[in-house]
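> okay, sequence plus prediction incoming.
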Amino acid sequence: MGNATISQILLIFLFTQISADNPFPANITDFKALNAYFEKFFSRKDTETVETWTKKLPTKAEIQEAHQLVPLLYGITKIEDCSSSLLASFKELQKSLQISPFLNRYCVLHEKFPTTSPMRFARAFGYMAVAMPDFVQRQIHHSAAHFQSDDEVDQQAAYLFENTDSRSLIVAGASRFCIQGTSPSERNGSAFPAGTNSTCQPGNTVSDAAHNTNLLFHHYNMAIRDATLTRKESPIFIQWHGMAAESCTKTDAFVSAGAYSGAPVYNDIGTNPNRIVTAVRLITNVFIAGTPKTDPDCNLIAETNVFGRYIYGVPFESLCQNVSPYDKRDGTFIHIEQHINSRNDLADWARILPVAFGNQNTLARNLDTNDL
């Protein structure tokens, strides 16, 4: 009887561990569906107050641990090593986060799922995923900073991460308008409610992941960038955004390196932004792509994007204020603003990126100075 009881206890423990390490519903079989599942627990528009949002912010200790944890996660080569046991040395992050394998090829760092109301992630950290190296065809790192407010760009980033055999994905866990009263329609031109205007880059909300340096989304991205430098890789960082129909009406996919039209990066047909524009022209007639040079009237160039600045060498403590020299902005960071016809055309984008960053000779034959 005693042995049976011990066996039952061990079985319960085993199932508990399996549930903890594999917390996703069995019917989720692709990354786009997994992202949609995560989104159910994100902080949506008007779901937070200044007080609840402030409590969600990462502490200095958590940020420090994130910069130590992410390189370990990035260095995993076998899916068997992807588990929450990696958090054992991180006493702060282990309170909120877990690490889970997905489809035997992705390792996902995410928050523990809520079990009581409100059914939102307690910290709104978002999530990051890395693909196992054997499944990676190109060193593209995708991110999406504007959940909900930029329509379905999170879904687009998740789909393209999987369907272009890319290296990593980072998604912010809150709408930039998650704090009550901060959306443009609610403010109607009036000042931000007290405590909601970013001190990093005023004019943006404190929950805007593209314009604040104290959010874990930003530090996940920084840590991935640092890991690529340590490994001497040649990465491409693409941050996906959505723009309003009345914005940049000449271009449906506005591809920027974080620099205005006069930057040298747009003068070379072989740079990453121009490669994307060329690949769009070759692959699809659903939407039109351009750069700040081909569409100088569009001002959505992302020069203030804090992660783009970090990639181009601006020190962390200066990211809110300083920009990098134009000659440093080589297209390693790519910011893509899109109308709905572009951000909904997932199948064509899944063909565009491999052409842009695949066989160099194939694309070279089609590069056209008219794209500049």
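Okay, I see it.
> where does this protein have its least confident helix or strand?
In the chain, no helix or strand scores lower on mean pLDDT, DSSP states H and E than helix 2-21, which sits at a mean of 45.
> and the very next helix or strand once past it, what does it pack against?
Sequence-wise, the next helix or strand downstream of helix 2-21 (DSSP states H and E) is helix 31-39. Contacts defined by 3 or more C-beta pairs under 8 Å, 6 or more residues apart in numbering; DSSP states H and E place helix 31-39 against strand 106-111, helix 153-163, strand 168-171. (Each C-beta comes from the backbone N, C-alpha and C, glycine too.)
> average pLDDT for whichever helix or strand comes after the first one?
Spelled out, that is strand 106-111. Sequence order places strand 127-131 as the next helix or strand after strand 106-111, per DSSP H and E. Strand 127-131 comes out with an average pLDDT of 98.
> now strand 127-131: buried residues?
127-131 (16 or more other C-beta atoms under 10 Å).
> swap in stretch 99-109?
99-103, 105-109.
> which residues sit against it?
21-24, 29-31, 34, 69-70, 73, 76, 79, 82-84, 86-87, 97-98, 110, 127-132, 134-135, 220 (C-beta atoms under 8 Å, 6 or more residues apart in numbering).
> tell me the mean pLDDT over that stretch?
97.
> equivalent analysis for stretch 144-156, please.
What stretch 144-156 shows for mean pLDDT is 97.
> contacts for that stretch next, please.
32, 35-36, 39, 42, 44-45, 126, 157, 170-177, 183, 208-210, 217, 239-243, 338, 340, 343-344, 346, 349.
> buried subset of those, written for ChimeraX?
Only the buried entries of the contacts of stretch 144-156 go into this ChimeraX selection, using 16+ other C-beta under 10 Å:
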select :32,35,39,42,44,45,126,157,170,171,172,173,174,175,176,177,183,208,209,210,217,239,240,241,242,243,338,343,344,349
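> quick check: the gap between the residue nearest in space to the middle of the chain and residue 25.
Central residue of the chain (C-alpha atoms, centre = their mean): residue 143, 1.9 Å from the mean position. According to C-beta to C-beta, to the nearest Å, residue 143 stands 25 Å off from residue 25.
> one more: residue 175?
In terms of C-beta to C-beta, residue 175 sits 24 Å off from residue 25.
> then residue 160?
Distance, residue 160 to residue 25, using C-beta to C-beta: 23 Å.
> okay, now residue 281: neighbour count?
When neighbours are defined as other C-beta atoms under 10 Å, residue 281 has 16 of them.
> isn't it right up against residue 289?
Yes. When contacts are counted by C-beta atoms under 8 Å, residue 281 is listed as touching residue 289 (7.2 Å).
> who's in contact with the closest residue to residue 62 other than its chain neighbours?
Using C-beta to C-beta, 6 or more residues apart in numbering and skipping residues adjacent in sequence, the residue nearest residue 62 is residue 92, 4.8 Å away. With contact taken as C-beta under 8 Å, 6+ apart, residue 92 is in contact with 59, 61-62, 65.
> okay, those residues in TSV with neighbour count and distance to residue 187 next?
Below are these laid out as TSV (neighbours: other C-beta atoms under 10 Å; distance: C-beta to C-beta, whole Å):
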residue	neighbour count	distance to residue 187
59	10	30
61	12	34
62	20	31
65	21	36
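> of these, closest to residue 254?
Nearest to residue 254 among the contacts of residue 92, counting by C-beta to C-beta, is residue 62 at 34.5 Å.
> isn't the closest one right up against residue 216?
Yes. Counting by C-beta under 8 Å, residue 62 does reach residue 216; the two are 7.3 Å apart.
> tell me how many other residues crowd residue 37.
Count around residue 37 with other C-beta under 10 Å applied: 15.
> so for it, what's the pLDDT?
Looking at residue 37, its pLDDT reads 98.
> residues contacting it?
When contacts are counted by C-beta under 8 Å, 6+ apart, residue 37 touches 24-25, 28.
> highest neighbour count among these?
For the contacts of residue 37, neighbours were counted using other C-beta under 10 Å, and residue 24 has the most, 18 neighbours in all.
> next, that residue: phi, psi?
phi -90, psi 140 (degrees, to the nearest 10).
> was I right about it contacting residue 36?
No. Using C-beta under 8 Å, residue 24 is not in contact with residue 36; the gap is 11.3 Å.
> which neighbours do these two have in common?
The contact sets of residue 24 and residue 36 do not overlap (C-beta under 8 Å, 6+ apart).
> just to be sure, residue 71 is in a helix?
Yes. Counting by DSSP: H, G, I helix; E, B strand; the rest coil, one finds residue 71 located in a helix.
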